[in-house]
Structures are given as structure tokens and as C-alpha cells.
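Chemist: Using only what follows, build the 3D model:
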Amino acid sequence: VQLQASGGGLVQAGGSLRLSCAASGRTFGSYAIGWFRQAPGKEREFVAGISWSGVRSDTADSVKGRFTISRDIAKNTVYLQMNSLKPEDTAVYYCASTVVSGPLKLSRYDYWGQGTLVTVSS
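Modeler: Down below sits the predicted model:
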């Protein structure tokens, strides 16, 4: 599976961005897509995930109510709509694919996209 993340950029606090993760290749083996982020000097953290079936989804408490994950099966694309952005949301955002059917924030993700930078100014 190849993953292409896009949509990052510079936005003011309170603004919105929508990230996209386009999957290609052997996508039939993918169970779910997760979004992760890593800020400078911090560990990578789970942000949100969704199964391709749409049955399972999960969002980190730190972004719940502000970020929404969705998928478009026809386009093999998963989106992360980010609203009410805060400076602490500044990070490189990565999408990743897992073949494991289970809790999305705990699953092992084997395929990773290249990351897209989100910068939120105060």
C-alpha cells in the first residue's frame, strides 16, 4: 500500500484545514487508516482512525469535537477535517495503514505516508 498525505499548511488559530490521505497499490489488504502527528521534540501520537468499512472509528481526546475523520471508498481516500485549530496542533501529520482488525489507536501500522506539515500560528 502506498499512501500520499496532503493538505497541510499555515493557518491562524481558530482556522481549519482538511488533510487527505490517498491510498494506492494493494489497498484490498488494508483494514483501516490512521492519522498520527509528531510535534518537534515530542513523540508521535495517534490522532484519529477509521476502518475502510466505516464500522470502526476513533479520535484522540485531545482533538475530539474539533477533528473529524471520514473516508471515500470510491477515491481510496481518507480525510481529516481539522477545525478550531490551536497552536498546539502544530506538527507533521502522517497517515498510515493497518491490516489489523482491532482498536485503532493500539493497532500496528505497517505502511506510512510521507507526512504533511501543519503550522498553526497564534
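Chemist: In which helix or strand does residue 49 reside?
Modeler: Counting by DSSP states H and E, the secondary-structure element that holds residue 49 is strand 45-51.
Chemist: and the next element down the chain from that strand?
Modeler: The first helix or strand that comes after strand 45-51 along the chain, using DSSP H and E, is strand 57-59.
Chemist: where along this protein do the strands fall?
Modeler: Ranges of strands within the chain are 2-6, 9-12, 17-24, 32-38, 45-51, 57-59, 67-72, 77-82, 91-98, 111-112, 116-121, based on DSSP state E.
Chemist: looking at those, which is closest to residue 105?
Modeler: strand 45-51 (4.3 Å; Cβ to Cβ). (C-beta placed from N, C-alpha, C; glycine too.)
Chemist: Mind giving me the packing neighbours of that closest one?
Modeler: Using 3 or more Cβ pairs under 8 Å, 6 or more residues apart in numbering; DSSP states H and E as the contact criterion, the neighbours of strand 45-51 among helices and strands are strand 32-38, strand 57-59, strand 67-72, strand 77-82.
Chemist: residues making contact with the strand holding residue 49?
Modeler: The contact list for strand 45-51 (Cβ atoms under 8 Å, 6 or more residues apart in numbering) reads 31-38, 56-60, 62-63, 67-71, 78, 80, 93, 98, 101, 104-105, 107.
Chemist: Parallel or antiparallel, which strands does that strand pair with?
Modeler: strand 32-38 (antiparallel), strand 57-59 (antiparallel) (DSSP bridges).
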